[in-house]
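# for reference, the sequence and a predicted model appear below.
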Amino acid sequence: MTTHIVLPRTRRHCLAAGLIALMLGSPLFAALKVGWAQADLTPKEPVIIAGQFHARVSEGVIDPITTTVLALENEGDHVVLVSCDVVSIPDALRDAVRGKLLSAVGLDPKKVILHATHSHTAPLYDAARIVPGMEFRTMETGALIAFTSDLIAQAVVRAWEGRAPGGIAYGMSQAVVGRNRRSVDRSGKSTMYGDVARPDFSHIEGFEDHDVNFLATYDPQGALTGLVVNVACPAQADESLFSLTADYWHDVRVELRRRHGEKLFVAAQCSTAGDIAPHFVRNSSYDHKASQRMLTLKKRSVRAEIAHRIANAADEVLPAIKGTVERSPKLLHRVETLALPMNKLTEADIADARKEAGLWRGRYETEKKKIDAQPEATRTGRWYVAITGAYGRMRWNERVLERFDAQKNGPQTQTIEFHVLRIGDVAVATNPFEYYLDYGIQIKSRSPAPQTFLIQLAGAGTYVPSPRSTLGGGYGSLPASNPIGSEGGGVLRDRTVELIREYWK
């Protein structure tokens, strides 16, 4: 005889609820959707390379310029993070990508975040930096933006439409990648890449952040599918080349895939690092001789060394976090605009800028006369370096004078876009600048999240120096470098912390 046991209604409900909870915790019932894609953005014809005052026409390709896309969706909210091997993200490129995503079902284009690794060996997307009237026989800026935005938008669509149940885990280790590049003499003057062996050297100006933040994604079977790698260092180990390259991030991707599978997606993120560079073998680093000796003994380039350091950090983190995978993490995404106070310019600032602009205009006009007198010179290699360098520095200083005139009767603020997210127990915040590290340390220190990822250059990018760096002056901390100064940097820091804390109330 079969015995039927009838449970009380409340107990049946409890068992049902427990079963549902168990099922939702299973990879087969993951609420999080994850999608990845990658695209090669390398132009098929010569382009002007971004990252220096002088123009550089690309003379070849060392390794591809890529974009890596991570799409996340859960509980009605979503984000698409688009890492690009470029120097910055001008509004024209961002808006072109978003405009091509308007028909993507369920995707809000404003929640697509383009951010740059700050490679100084990638195409220039800003026509304002090209000398008027000069013929470089390179890809025209409008065509370059159309070409690049097409490829990025297609990658975003692939990641978005390919999203599938998955999970995330996060962790942190350390690796020395970036070093503070500003040294201070005994008078208090700061110099970028100053020789620390000089007799009047006093100290390195700022802090260094050697944390490597990882966000790992997994499929329903628990296999690793992708890694977000966040370090406080721009990609400028090869910043002066005349060839296209993704810089050290190419080596990082190659090394991580060698260790963890050729199909692994690797999304690079540059944390706040406006005063940081990966030049630990330059004489601006106190231990550069020992560092160079070790690279020689290990038979590695700086790029290869950085790749090994980051990959070693991943090897330490991944086994530790594998048992912490979340299949239904909280996902919250806020897109904010914020009016930041412009850098207040003084009469002394204007006098210095006017003097420098006049000096460089004189050099520009001298170079132009040479070319006008000998037009055949334009058929020689790199004929354009001197004249474009003079033009770049001239315009750099003239823009200070233009800002001063505009601020007399116009707006005293600049409006920016930034994003704040919660992904499980991870906070993520972006900014469009080369934001000095002091601000990043302050945001991380005040964040209630167990781990905080900061992403700079999710925009066009100008330097925003810390107050102490402004006092020291020097490149990166001069009015010509800073449409937004330390006052605006503090406003952005405080608002970022406020929004992160709202997510953890």
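That came through, no problem. Numbering: from 1, shown residues only.
# what about the helices in the stretch 301-450 of the chain?
Taking DSSP state H, counting those that start in this stretch, the helices of the stretch 301-450 of the chain run over residues 302-321, 347-373, 385-409, 437-446.
# buried sites along the second one?
When you say that, I think you mean helix 347-373. 349-350, 352-353, 356-357, 360-361, 363-364, 367-368, 371 (16 or more other C-beta atoms under 10 Å). All C-beta atoms are positioned from the backbone trio N, CA, C, and that covers glycine.
# how about the last one?
If you call a residue buried by 16+ other C-beta under 10 Å, then helix 437-446 has these buried ones: Leu437, Asp438, Tyr439, Gly440, Ile441, Gln442, Ile443, Lys444.
# roughly how far does the fifth one sit from Ala313?
For Ile441, the distance to Ala313 equals 19 Å [C-beta to C-beta, to the nearest Å].
# check contacts around Tyr384.
His54, Ala55, Val57, Val131, Met134, Phe136, Thr378 (C-beta atoms under 8 Å, 6 or more residues apart in numbering).
# how many other residues sit next to the fourth one?
Spelled out, it's Val131. 18 (other C-beta atoms under 10 Å).
# my read: it touches Ala390, true?
No. Counting by C-beta atoms under 8 Å, Val131 does not reach Ala390; the two are 9.5 Å apart.
# give me the common contacts of the two.
With the criterion set as C-beta under 8 Å, 6+ apart, the contacts of Val131 and Ala390 do not overlap.
# residue contacts, Pro467?
Ser486.
# that one and Leu102, how far apart?
42 Å.
# and Gln38, by the same measure?
23 Å.
# buried stuff in stretch 211-229?
211-219, 224-229.
# correction: the previous question concerned stretch 487-502.
Applying a neighbour-count criterion of 16+ other C-beta under 10 Å, one finds Gly488, Gly489, Gly490, Val491, Leu492, Arg493, Arg495, Thr496, Val497, Leu499, Ile500 buried in stretch 487-502.
# which residues of the protein fall in helices?
9-24, 91-99, 141-161, 248-260, 288-298, 302-321, 347-373, 385-409, 437-446, 467-472, 486-503 (DSSP state H).
# of those helices, which is nearest Asn74?
Between Asn74 and the helices of the chain, the tightest spacing by C-beta to C-beta is seen for helix 9-24, at 12.1 Å.
# which parts of this protein belong to which domain?
The chain is divided into the following domains under automatic domain parsing: 30-332+415-503, 347-409.
# most tightly surrounded among these?
domain 30-332+415-503 (a mean of 20; mean count of other C-beta atoms under 10 Å).
# related to what we said a few turns ago, possible to save the buried residues of helix 437-446 as TSV with distance to Gln236?
Output for the buried residues of helix 437-446, formatted as TSV (distance: C-beta to C-beta, whole Å):
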residue	distance to Gln236
Leu437	15
Asp438	20
Tyr439	20
Gly440	18
Ile441	21
Gln442	24
Ile443	23
Lys444	23
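# still on that earlier bit, now, among the buried residues of stretch 487-502, which is nearest to Arg422?
Using C-beta to C-beta, the buried residues of stretch 487-502 come closest to Arg422 at Ile500, 7.9 Å.
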